[in-house]
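1. next comes the sequence, and after it the predicted model I'd like to discuss.
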Amino acid sequence: MTRGRLFRIARITGHLGWWTFVVAVLLGTAMSAAADIPIGRKECSPGDSVLRVCLSVTESAGPPGAGAMAGYATVALGVVVVAAIIEAVVVGERVAGVVTVTVPIVAAALMIKVLNGTGWWSDSSGSVRTVAIVVAAIAAREVWAFGFAPGIPQPNLTPPDRIG
């Protein structure tokens, strides 16, 4: 398999994984909100409240299917991270590779933190700020992936000019 093909597969897989993650997190959060179950207003782990991140839906606290959405989101985020690591290794640029791996992780953590309503963000229900931050997190990953992430130059595929 060529570098270019591996890169394209990793990039496409990363995009599919990212959107699967986004949909699963939003559906899980919506399912919990629709069932009128308070989402995530609990301490998920000991430690610094800024670093405490947990999914907004769990098997025990959520409505039927919400736990599955949390599982899908977790697997999809893992796929995104693995695809980003493959992209970074194939391209070979260290700084850009670190950013390629970091951007989706930070965006996902921000989305989960804001949608949970835990710690420093306690007002997650029906807030315009929540929607704005979630959209900004999604946009940050998309802008990096489509606008600034390094790629492999494509060979010139135009046919040579024919003479006479």
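-> That came through, no problem. Keep in mind that what you see is a predicted model, and the values were worked out from it rather than measured. Numbers count the residues shown, from 1 in each chain.
2. where do the helices of this structure begin and end?
-> Counting by DSSP state H, one finds helices in the chain at the ranges 3-34, 66-91, 94-116, 128-143.
3. low-confidence ranges, this structure, go.
-> 33-64, 117-126, 154-164 (pLDDT under 70).
4. Ile133 reaches Leu115, doesn't it?
-> No - the criterion here is CB atoms under 8 Å, and Ile133 misses it with Leu115 at 9.3 Å. In this view, the C-beta of every residue, glycine as well, is placed from N, C-alpha and C.
5. ok, and the closest non-adjacent residue to Ala88?
-> Gly97 (2.9 Å; CB to CB, 6 or more residues apart in numbering).
6. that neighbour reaches Val89, doesn't it?
-> Yes - between Gly97 and Val89 there is a contact at 7.1 Å, judged by CB under 8 Å.
7. which residues are in contact with each of the two?
-> Common contacts of Gly97 and Val89 (CB atoms under 8 Å, 6 or more residues apart in numbering): none found.
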